[in-house]
Every structure is written in C-alpha cells, then in structure tokens.
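*Asks:* requesting a structural model of the entry that follows:
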Amino acid sequence: MLQIPFIRENKALVISRLEKRNMDASEMVNAVIVLDEERRALQTELDNTLAESNAISKEIGILYKSGQADKANSLKARTTELKDTTKTLNEALNAKVEALNEQLYKIPNVPNETVPAGNSEDDNEEVFREGTIPTLFDGALPHWELAKKYDIIDFELGNKITGAGFPVYKGKGARLQRALIAYFLDKNTAAGYTEYQLPLLVNEASGYGTGQLPDKEGQMYHVTNDNLYLIPTAEVPGTNIFRDVVLNADELPIGITGYTPCFRREAGSYGAHVRGLNRLHQFDKVEILRVEHPDNSYKALDGMVDHVKEILQELKLPYRILRLCGGDLGFTSALTFDFEVFSTAQDRWLEISSVSNFETFQANRLKLRFKNSDGKNELAHTLNGSSLALPRVLAGILENYQTEKGIEIPEVLIPYTGFSIID
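*Replies:* Numbering: from 1, shown residues only. Below you'll find the predicted structure:
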C-alpha cells in the first residue's frame, strides 16, 4: 500500500496519477489524511496519558519512601483513572488504525510517470516487436485440435476429473511441459536467480502482503476450513519470504526463481478466447522475483525485460512487448510490460508474461526494509515477472511449429525433450 507520509506530502500528485487508472481517488485520499490526523491525535493523547501515569507512579514511590503514605494513597485514585483512560484510548486507537488500513488497502499503486493513459488493453502501448510470423500450410490447426490429433493434451479428461480449465497432459505433451519448466529454470539460475521450491498454499497475511487480498479475493481458491489460499502465482509465496525482514544494504539485490502450479478461478471468463490453453484454472509457471534498492529498481526492470526477450529469441517465437496503460495496470504495479506471443493458427496475440515494478507498494505491506547508508530502515522495491507462463507458450509452439509431418520442437528444447518432433 502507499505510504501515509507520501500521500500527505504529495496529495495532488497521487490523485493526478491515479486518474491514469480512470479513477477519482480524491475521496479515498482525503479519507486517509483525515483518519491519519485522528490517529495521530489519539496517539498523542495516549502518549501524554502514559507519561502522566509513569510520572505519578514514580512520585508515589518517592512519597512512600519518605513516609508520606497519605499523599501516596490519594494519588492512587488518579492512577486508576489514567489506567481506564489508557484502555479507552488504546481501543479507540486500534479501531482508528484498522479503519485507516482498510482505507489504504483500497487505494492502488500510483502509476509511474511513463504509464500511458487509457481505458483498457486496447490502449496499451507497443514498445517492441521481434520475430517472423510463419506462414502456415493449408489445413493448419489451432492448438486444441493439434492436442487432440497427436494425443498430447486431453481437455475432456481434465473436465471429467475436475472441471473445465484443468487439462491433462500426456506423453510428449507432458514431456514438453517438463522440458519447458527445466529450460526456464536453467535460464533463470544461469542469470543469477536462486531457485526455490515454494508452498502452493498461503495464509491470509501472505495474500495481503503482496496485494492479492483484498483486491483479488474472488479470483483465488480459498480452503475455508484452514483459511488458506491456493496461490495464483509464485510471486505470493516467493515475495513473502521477505515479510517482516530487515536486510543489510549489501544483501541487495536479491533474485529468486521458482516453478509452481498456479490456480485462478477466472470467474466470468467465457467465449472463444478461453478455448484450449488460452485460459485455465490450473497452469504451470516459472517466476522471477527481485528485491532491489530503490535507486536501482528500474534498471533491474529493464534487465528482467531483456532476460525474457532472450528466452523468446531462443524459442524463436514471434513476440511483442506492451507498456500497459493505466486502465489495464494491475492493482499493485507502478509499471508493467506485457509480453505477447503470436498464435498463428488463431491469428491473435496471447499474453505470456508480465514484468512489473511495484516500487515500495508491496514492501510497505510486507514491512520489507533494508538499512540504508545512514543506518536507517528504508523500504525496498520489489519486482516480479513470468519467465515464463507455460500454457500460452506451449500453444504458440504447437501452432507456430506445426508442419504437415508433425510439430517440430524448438532447437533449444531438444536436449530437454529428447525428441525433435511430435508426430
């Protein structure tokens, strides 16, 4: 969430930048400022009450020692009053802090100044494109028909076992999935990221820490008996490694990577665009996360973008990069670049990665800090990116690499698959 001093000192800027998200945040921002003033007034009153109580307690001790028991006993009545006042003020302060946090949780991150204005994905800004879109032969098929033809993904079996959006990968399809995961992890670790195996369920505090709660509560699978959530991305458990942590400056930067299955309800998703692997409730993804010094985070973001570029260049898939507009920007992000691969058989672009800088937004929720050069605690910056999400990468490979003889395997993956064609 946004820092209160930042909101208070940059009120006009915050409201103006949030207009890029097509929202009028003035009422919420004003509410935060008022609640914070009330909180500070209560805190001052509580501090003064405690100070008076401490002073009287010391005076009572001195009076007893000097044989002035009557005066000491008369002061005890005042300490009882102060204890009652302290209890009342504590309750009022806790309620005010809760109300303030509830208001702060509603305010999204302030977009970076480079984020373009816009209402939806149609207004995103294309900043880079690379690769040649192949010309397919007559009779080329979309990936869901290729999956059936070569018996590598069974959507109907997944529907039988669980429901729509839970495919079953078979034979060379399963081996290609495994190959992609291993290849992505190898690329990430070679780039300096430390590999982690992470829990697939997180507690409520972790959901709040990275901003999935309360914003995306309806999109997460909730295990109600234990109040745990199935992760929508490895970003959630990975970033929460650093919740309530104070790092030394020389520990930065930190980069981690991890493979996890991911789970999203995708409530309300329907239509032709969700066919096959286009949108799933369970899917595999390899993530990269960074904890950075604020001075270096945007350089690190550029490095993450270049890293994903290199993977797609090696896979030889046509792709483009979009700078997301304010209307399409995620709740926690200050700046996001989306990668899209071209699905030749569907004649459309498919999102395969988002690379984002959250600046201090997540770190403030997480209480993730580092000791700066002055020895003071300062909020770090967090970043994350898909490297990569598998379903649509797989869809792009199946469609763009199909031939009349079968589906060829990208050269870089053959050492991982052990075969060069699906036929």
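*Asks:* from here on, contacts and neighbour counts on C-alpha atoms
*Replies:* OK.
*Asks:* assumed Val286 was part of a helix.
*Replies:* No - under the criterion used here (DSSP: H, G, I helix; E, B strand; the rest coil), Val286 is strand, not part of a helix.
*Asks:* which residues touch it?
*Replies:* Counting by Cα atoms under 8 Å, 6 or more residues apart in numbering, Val286 makes contact with 181, 184-185, 234, 257-260, 386-390.
*Asks:* could I get those as a markdown table with neighbour count, secondary structure and pLDDT?
*Replies:* Rendered in a markdown table, the data for those read as follows (neighbours: other Cα atoms under 10 Å; DSSP: H, G, I helix; E, B strand; the rest coil; pLDDT from 0 to 100):
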| residue | neighbour count | secondary structure | pLDDT |
| --- | --- | --- | --- |
| Ile181 | 22 | helix | 98 |
| Phe184 | 24 | helix | 98 |
| Leu185 | 23 | helix | 98 |
| Ala234 | 29 | coil | 97 |
| Thr257 | 28 | strand | 98 |
| Gly258 | 25 | strand | 98 |
| Tyr259 | 23 | strand | 98 |
| Thr260 | 21 | strand | 98 |
| Ser386 | 25 | strand | 97 |
| Ser387 | 30 | strand | 95 |
| Leu388 | 25 | strand | 96 |
| Ala389 | 25 | strand | 95 |
| Leu390 | 23 | helix | 96 |
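*Asks:* ok, so of those, who is nearest Glu37?
*Replies:* Proximity of the contacts of Val286 to Glu37 (Cα to Cα) peaks at Ala234, which lies at 37.5 Å.
*Asks:* what's the closest of the contacts of Val286 to Leu82?
*Replies:* Taking the contacts of Val286 together and measuring to Leu82 by Cα to Cα, the closest member is Ala234, at 49.3 Å.
*Asks:* where in the stretch 1-150 of the chain is pLDDT low?
*Replies:* Within the stretch 1-150 of the chain, no range satisfies pLDDT under 70.
*Asks:* what ranges does it have for its strands?
*Replies:* Under the criterion DSSP state E, counting those that start in this stretch, the stretch 1-150 of the chain carries strands at the ranges 125-130.
*Asks:* show me where it has helices.
*Replies:* Using DSSP state H, counting those that start in this stretch, the helices of the stretch 1-150 of the chain run over residues 4-9, 11-18, 26-65, 69-104, 143-149.
*Asks:* so the third one versus helix 11-18, what angle?
*Replies:* Angular relation of helix 26-65 and helix 11-18 on a 0 to 180 degree scale: 140 degrees, by axes from the mean of the first three to the mean of the last three Cα atoms, to 10 degrees.
*Asks:* show me what helix 26-65 is packed up against.
*Replies:* Under the contact criterion of 3 or more Cα pairs under 8 Å, 6 or more residues apart in numbering; DSSP states H and E, helix 26-65 touches helix 4-9, helix 11-18, helix 69-104.
*Asks:* any idea how far the closest residue to Ser373 other than its chain neighbours lies from Arg369?
*Replies:* Across the structure, with Cα to Cα, 6 or more residues apart in numbering as the measure, the residue nearest Ser373 apart from its sequence neighbours is Ala249 (7.6 Å). When Cα to Cα, to the nearest Å is applied, the distance between Ala249 and Arg369 equals 9 Å.
*Asks:* so between the two, which is more surrounded?
*Replies:* Arg369 (25 against 18; other Cα atoms under 10 Å).
*Asks:* my read is that the more buried one contacts Glu251, right?
*Replies:* No - in this structure, Arg369 is not within contact of Glu251 by Cα atoms under 8 Å, at 11.4 Å.
*Asks:* and the closest residue to Ser420 other than its chain neighbours, how many neighbours does it have?
*Replies:* Here the nearest residue to Ser420 in space, its sequence neighbours aside, is Ile409; by Cα to Cα, 6+ apart that works out to 5.1 Å. Burial measure for Ile409: 20 neighbouring residues, criterion other Cα under 10 Å.
*Asks:* swap in Asp84?
*Replies:* Applying the criterion other Cα under 10 Å, we find 11 residues in the vicinity of Asp84.
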